[in-house]
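1. Provided below are the primary sequence and the corresponding predicted coordinates.
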Amino acid sequence: MSDSLNASETPHTPGVSRRHTREKGEPRFPDGPQPDPAGSHFERRIRSFQPRRSRVTAGQADALQRLWPKWGLDIDGQRVIDLGELFGNDRPVVLEIGFGMGEATARMAAADPDTNILAVDVHTPGQGNLLNLADHNGLSNVRVGNGDAIILLREMLTPDSLGGLRVYFPDPWPKKRHHKRRLIQPEFLTLAAARLRPGAIMHCATDWEPYAERMLEVLDEHPAFENTEADGGFAPRPGFRPLTRFEGQGLEKGHVVNDLLFRRVEHS
């Protein structure tokens with residue numbers, strides 16, 4: 001497999017404008033992800049993510065319009081989803097929380113077609129880019145979730161339904177007053193453990209060392225997880241996690257990236 005997967009942009013027809021002026025109240029992508037799928041159905045908890053707004057390219061917009069009804073999932077918290085029905089098979093499903101532009105997700109999906117990946121993010125350009133990559137490279141084992149992963153875990157997934165969980169480079173919220181916003185907290189681990197089947201791997205990675213130390217601490221202390229490393233420390237980057245361009249740039253600057261691989265223990 002090549003180092004990167006490339007999605008082709010939608011060709012532009014000369015004389016036809018790509019720009020569409022929306023009427024007031026008209027959704028940005030009528031057949032695509034909704035701006036706030038959970039709406040006011042749930043209490044406003046402290047969010048561990050920061051929504052990012054940036055330009056959606058023509059190719060990403062086209063992918064959102066064409067592929068969202070087929071491969072997209074709005075996290076509205078209003079129903080319990082059947083993962084076998086969502087993917088059309090009974091292969092194990094790994095939940096990935098936060099995938100950026102989706103290049104690493106697409107590469108992992110291509111390298112392991114027998115594993116389904118439910119990738120969740122709130123970044124619209126990234127959602128469109130991952131759909132475009134999946135379509136361009138024939139990746140039928142990818143589904144894209146839009147919204148809050150906590151609501152997905154708490155309201156929409158059944159116990160023991162996940163074969164793995166990946167959290168790569170979550171927002172470190174470096175200021176002390178913002179530490180409560182960090183995703184990897186004891187309460188989150190309890191929720192995640194309830195959805196992971198015994199033996200499933202929770203894989204975290206971060207380039208923020210204080211956060212890595214805190215992740216290691218809370219995972220070590222949680223009774224539902226055990227470290228896959230015999231010495232109880234950080235793990236080497238496994239071969240299945242691609243080295244992203246962003247990560248490579250950080251390594252060139254001397255940043256230290258730490259991986260943590262913890263196993264969901266058998267239910268007591």
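-> Sure, I can see it. Numbering: from 1, shown residues only.
2. which strands and helices sit next to the helix or strand hosting Gly164?
-> Taking DSSP states H and E as the criterion, Gly164 maps to strand 162-168. Counting by 3 or more C-beta pairs under 8 Å, 6 or more residues apart in numbering; DSSP states H and E, the packing neighbours recorded for strand 162-168 are strand 93-97, strand 196-206. Heads up, the C-betas are built off the backbone N, CA and C, glycines and all.
3. What mean pLDDT does that strand get?
-> The average pLDDT for strand 162-168 rounds to 98.
4. before we move on, the earlier item: compile the helices and strands packed on strand 162-168 into TSV and extend it with columns for mean pLDDT.
-> Below are those laid out as TSV (pLDDT from 0 to 100):
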stretch	mean pLDDT
strand 93-97	98
strand 196-206	97
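5. Burial-wise, tell me which of the ones you listed comes out on top.
-> strand 93-97 (a mean of 24; mean count of other C-beta atoms under 10 Å).
6. quick one: that strand to strand 162-168, angle?
-> Using axes from the mean of the first three to the mean of the last three C-alpha atoms, to 10 degrees, the inter-axis angle of strand 93-97 relative to strand 162-168 is 20 degrees.
7. Could you check the angle strand 93-97 makes with strand 196-206?
-> Calculated by the same axes, to 10 degrees, strand 93-97 forms an angle of 30 degrees with strand 196-206.
8. what pairs with strand 93-97, and is each one parallel or antiparallel?
-> Paired neighbours of strand 93-97 in the sheet (DSSP bridges): strand 116-121 (parallel), strand 162-168 (parallel).
9. Check which element follows the helix or strand of the chain with the lowest mean pLDDT along the chain.
-> Least confident helix or strand, the chain: helix 245-252 with a mean of 83, by mean pLDDT, DSSP states H and E. Later in the chain than helix 245-252, the nearest helix or strand by DSSP H and E is strand 258-264.
10. In CSV, could you pull the C-alpha coordinates for that next one?
-> Extracted in CSV, the C-alpha atoms of strand 258-264 (Å, rounded to 0.1, in the frame of the first residue of the first chain):
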residue,chain,number,x,y,z
ASN,A,258,3.3,8.3,23.3
ASP,A,259,1.0,5.4,22.5
LEU,A,260,-1.1,3.6,25.1
LEU,A,261,-2.7,0.2,24.4
PHE,A,262,-5.0,-1.1,27.1
ARG,A,263,-7.1,-4.2,27.0
ARG,A,264,-10.7,-4.4,28.2
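11. thinking again about what came up before, may I see the buried residues of the least confident helix or strand of the chain?
-> Glu247 (16 or more other C-beta atoms under 10 Å).
12. on that earlier part again, for the strands paired with strand 93-97, give me a markdown table that also has distance to Arg143 and mean neighbour count.
-> Output for the strands paired with strand 93-97, formatted as a markdown table (distance: least, C-beta to C-beta, whole Å; neighbours: other C-beta atoms under 10 Å):
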| stretch | distance to Arg143 | mean neighbour count |
| --- | --- | --- |
| strand 116-121 | 5 | 24 |
| strand 162-168 | 13 | 21 |
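13. check contacts around the most centrally placed residue in the chain.
-> The C-alpha lying nearest the average C-alpha coordinate of the chain belongs to Ile97 (C-alpha atoms, centre = their mean; 2.8 Å). Ile97 makes contacts with Val120, Asp121, Ala149, Leu165, Arg166, Val167, Pro170, Leu183, as judged by C-beta atoms under 8 Å, 6 or more residues apart in numbering.
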